[in-house]
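*Asks:* what follows is a predicted structure for the sequence shown.
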Amino acid sequence: MPKINGNEIRPGNVLEHNGGLWAAVKVSHVKPGKGGAFAQVELKNLRNGSKLNERFRSADKVERVRLEQKDQQFLYESDGMLTFMDSESFEQIELPADVLGDRRPFLQDGMTVQIEYYETEALNVTLPEKVTCTIAETEPAVKGQTAANSFKPAVLDNGVRIMVPPFVGQEEQVVVSTETMEYVERA
């Protein structure tokens, strides 16, 4: 594995540190008046989700880990476990449903997701950037209410609450960002 200097750590990098695999969430470079500069890095453990704040000086060497990314298809959920299938080898793997956190409702049957592997261990699931959902319930549009920045609450067919523009009605298809969990456009 390649070793990098402490000041070369970027958000999204995966590091081997203290015997675990950690993803850099936030990185800020600090230059105090006294002493050498360092990188203040917020790390998230990829195996158990715990967080850690660590300082790395430019002289510190850390191991950067490359994760292999594979596209896999979601099959079903049972007993809190999600089952995915590799579209090339047809191998199936199971991951706990909480690996997706609050983005879990956006996972749809047959959806192709990206799973990151470290050697043979599956660590992370990345959903597509945007998904199409149906509006289950929302208030009807009020005539004349066409202000540019006005939004109204809506509930999607998967139970997630979002804000939508006033012209979007019930039973309409909308595109939602899985990162920000916000309305993007009409489908």
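*Replies:* Perfect, I can see it now. Only a predicted model underlies this, so the values are computations on that prediction, with no experimental measurement involved.
*Asks:* chain neighbours aside, what residue packs nearest to D157?
*Replies:* Of all residues not flanking D157 in the chain, T134 sits nearest, at 4.4 Å (C-beta to C-beta, 6 or more residues apart in numbering). (Each C-beta comes from the backbone N, C-alpha and C, glycine too.)
*Asks:* neighbours of the one you found, how many?
*Replies:* Residues lying near T134 (other C-beta atoms under 10 Å) number 13.
*Asks:* again with S58
*Replies:* 13.
*Asks:* repeat for A59
*Replies:* 10.
*Asks:* now do the buried residues in the strand or helix carrying Y117.
*Replies:* Here Y117 sits within strand 112-118, counting by DSSP states H and E. Using 16 or more other C-beta atoms under 10 Å as the test for burial, strand 112-118 gives 113, 115-116, 118.
*Asks:* buried stuff in the helix or strand bottoming out on mean pLDDT in the chain?
*Replies:* Using mean pLDDT, DSSP states H and E, strand 121-126 stands out as the lowest-scoring helix or strand of the chain, at a mean of 84. Neighbour counts over strand 121-126 (16+ other C-beta under 10 Å) mark 122-125 as buried.
*Asks:* using CSV, write out every CA atom in stretch 6-18.
*Replies:* The C-alpha trace of stretch 6-18 is given here as CSV (Å, rounded to 0.1, in the frame of the first residue of the first chain):
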residue,chain,number,x,y,z
GLY,A,6,0.1,13.7,6.7
ASN,A,7,-0.4,16.9,4.8
GLU,A,8,-1.5,15.0,1.6
ILE,A,9,-4.7,13.6,3.2
ARG,A,10,-7.9,14.6,1.4
PRO,A,11,-11.5,14.1,2.3
GLY,A,12,-12.7,10.7,1.0
ASN,A,13,-9.2,9.1,1.3
VAL,A,14,-9.2,5.7,3.1
LEU,A,15,-6.4,5.3,5.5
GLU,A,16,-5.1,2.4,7.6
HIS,A,17,-4.6,3.9,11.1
ASN,A,18,-4.3,2.3,14.6
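*Asks:* before we move on, back to that, list the beta-bridge partners for the residue nearest to D157.
*Replies:* Q173 (DSSP bridges).
*Asks:* surely it touches V160?
*Replies:* No - T134 is beyond contact range of V160, at 11.5 Å (criterion: C-beta atoms under 8 Å).
*Asks:* pLDDT weak spots in this structure?
*Replies:* 1, 142-148 (pLDDT under 70).
*Asks:* how is it divided into domains?
*Replies:* 3-65, 68-126, 130-186 (automatic domain parsing).
*Asks:* just to be sure, P105 is in a strand?
*Replies:* No - under DSSP: H, G, I helix; E, B strand; the rest coil, P105 sits outside any strand and is assigned helix.
*Asks:* what about it, neighbour count?
*Replies:* When neighbours are counted by other C-beta under 10 Å, P105 registers 16.
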